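Q: Got a predicted structure plus its sequence, pasted below:
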Amino acid sequence: MESLGTFLKSRRDRVTPDSIGLRTYGSARRVPGLRREEVAHLAGVSAGYYTRLEQGQAETASRQVLDALARVLALDAVEIAHLHNLSRQPARLALAEPPAEQPHPRVLALLDSLAESTPAVVLGRRGDVLAWNRTGHALFAEHVNFDAPGDPDRRPSIPRMFFLDALTGDLHRNWDELARIHVAYLRLTAGRFPTDARLANLIGELTMRSDRFARLWATGDVADCTTGDMYLHHPTVGAVSIAYQVWLQPDSPDHRLEIYTPNDAATADALHLLGRRLPGDQDRNVQESATFVAGRRPTPPRPSHAVPCATAPPN
């Protein structure tokens with residue numbers, strides 16, 4: 001999925017000599033960032049050794065070397081963790097089909113205990129919806145069968161929905177910002193689970209079918225997903241501004257419970273309305289698509305009029 005060398009090169013390309021006070025004496029440069037020999041010198045390793053690291057020809061890299069490279073490349077804490085994950089991968093990975101993920105009963109009990117106006121979703125390591133409450137379903141995926149998460153072969157895939165489903169794309173007003181987060185988190189997950197065949201297939205499918213995903217994946221960015229804001233244009237309740245927060249599960253550390261809370265009074269009223277809707281009100285609107293559930297049928301691509309990334313709610 002991604003090699004140590006590929007990640008090192010992507011991080012090297014973003015560090016300019018000026019940003020670290022490195023004098024270049026006006027010489028012409030053929031790379032966007034640091035040269036290999038410059039990284040090697042600053043990290044205290046030989047240029048030949050660093051070159052072998054980038055080319056995947058060095059068998060191991062010590063923690064001291066990795067930490068020195070992280071310092072030179074100005075990696076943050078999440079990127080450093082990803083760097084160490086990649087360094088532990090064997091040169092040749094054998095992909096394996098993982099068992100179907102199942103949410104722990106304790107997280108399901110917590111999900112059931114939430115107020116009806118509090119949307120929540122339980123996500124697996126690949127972003128598959130393992131469970132959701134009625135309000136979480138109504139907020140994000142009214143066009144998907146509510147019971148789909150109960151069947152591992154029909155579970156909605158948030159990454160597929162985000163990049164391949166036009167309705168999901170139109171829902172998010174800050175789509176660009178969230179798309180970058182989705183891809184960066186998926187890269188972090190790939191470093192944690194390098195032999196997951198389903199994860200590799202998902203990344204390959206999205207790269208082939210979504211130009212936007214491919215461009216974001218090519219940046220090499222990696223990030224964790226913990227808190228943030230979503231700005232939605234919901235087909236039933238209109239403009240919605242919510243904050244999301246991720247709760248990790250001790251019994252299933254690669255599963256996440258995402259809980260969404262309103263940022264303003266109007267959104268609170270909207271979530272209350274969605275929470276009071278009867279199941280039949282949602283189920284009558286279901287037009288389930290198999291593409292983002294099981295990858296079996298193409299759907300229209302997301303329209304090209306994406307809202308630019310913004311830290312404030314889009315207009």
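A: That came through, no problem.
Q: Mind giving me the packing neighbours of the longest helix seen in the chain?
A: For the chain, the helix that runs over the most residues, judged by DSSP state H, is helix 175-192. If contacts are counted by 3 or more Cβ pairs under 8 Å, 6 or more residues apart in numbering; DSSP states H and E, helix 175-192 sits against helix 77-87, helix 158-164, helix 197-209, helix 211-218, strand 227-234. C-beta here means a position set from N, CA and C on the backbone, and glycine is covered the same way.
Q: The same query, at a cut-off of 7 Å, please.
A: Counting contacts by 3 or more Cβ pairs under 7 Å, 6 or more residues apart in numbering; DSSP states H and E, helix 175-192 packs against helix 77-87, helix 158-164, helix 197-209, helix 211-218.
Q: Figure out which of those helices is closest to residue 226.
A: Among the helices and strands packed on helix 175-192, the nearest to residue 226 by Cβ to Cβ is helix 77-87 (9.9 Å).
Q: what's that closest one in contact with?
A: Under the criterion Cβ atoms under 7 Å, 6 or more residues apart in numbering, residues 2-4, 7, 61, 66, 70, 75, 188, 191-192, 222-224 lie in contact with helix 77-87.
Q: let's see it at 8 Å
A: 2-4, 7-8, 11, 60-61, 63, 66-67, 69-70, 75, 187-188, 191-192, 194, 222-224 (Cβ atoms under 8 Å, 6 or more residues apart in numbering).
Q: Quick check: mean pLDDT of stretch 194-205?
A: Averaged across stretch 194-205, pLDDT comes to 96.
Q: and what of stretch 94-112?
A: 93.
Q: now could you export just the CA positions of it as PDB?
A: Taking C-alpha atoms only, stretch 94-112 is exported to PDB below (Å, rounded to 0.1, in the frame of the first residue of the first chain):
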ATOM      1  CA  ALA A  94       1.500 -11.100   2.100                       C
ATOM      2  CA  LEU A  95      -2.100  -9.700   2.100                       C
ATOM      3  CA  ALA A  96      -4.600 -11.700   4.000                       C
ATOM      4  CA  GLU A  97      -8.400 -11.600   4.200                       C
ATOM      5  CA  PRO A  98      -9.300 -10.300   7.600                       C
ATOM      6  CA  PRO A  99     -12.300 -11.700   9.600                       C
ATOM      7  CA  ALA A 100     -15.500  -9.700   9.500                       C
ATOM      8  CA  GLU A 101     -15.500  -6.900  12.100                       C
ATOM      9  CA  GLN A 102     -18.100  -6.900  14.800                       C
ATOM     10  CA  PRO A 103     -18.800  -4.100  17.200                       C
ATOM     11  CA  HIS A 104     -18.400  -4.900  20.900                       C
ATOM     12  CA  PRO A 105     -21.600  -5.300  22.900                       C
ATOM     13  CA  ARG A 106     -20.400  -2.500  25.300                       C
ATOM     14  CA  VAL A 107     -20.200   0.000  22.500                       C
ATOM     15  CA  LEU A 108     -23.600  -1.000  21.200                       C
ATOM     16  CA  ALA A 109     -25.000  -0.500  24.700                       C
ATOM     17  CA  LEU A 110     -23.400   3.000  24.800                       C
ATOM     18  CA  LEU A 111     -24.900   3.700  21.400                       C
ATOM     19  CA  ASP A 112     -28.300   2.700  22.500                       C
END
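Q: Fine by me, we can end here.
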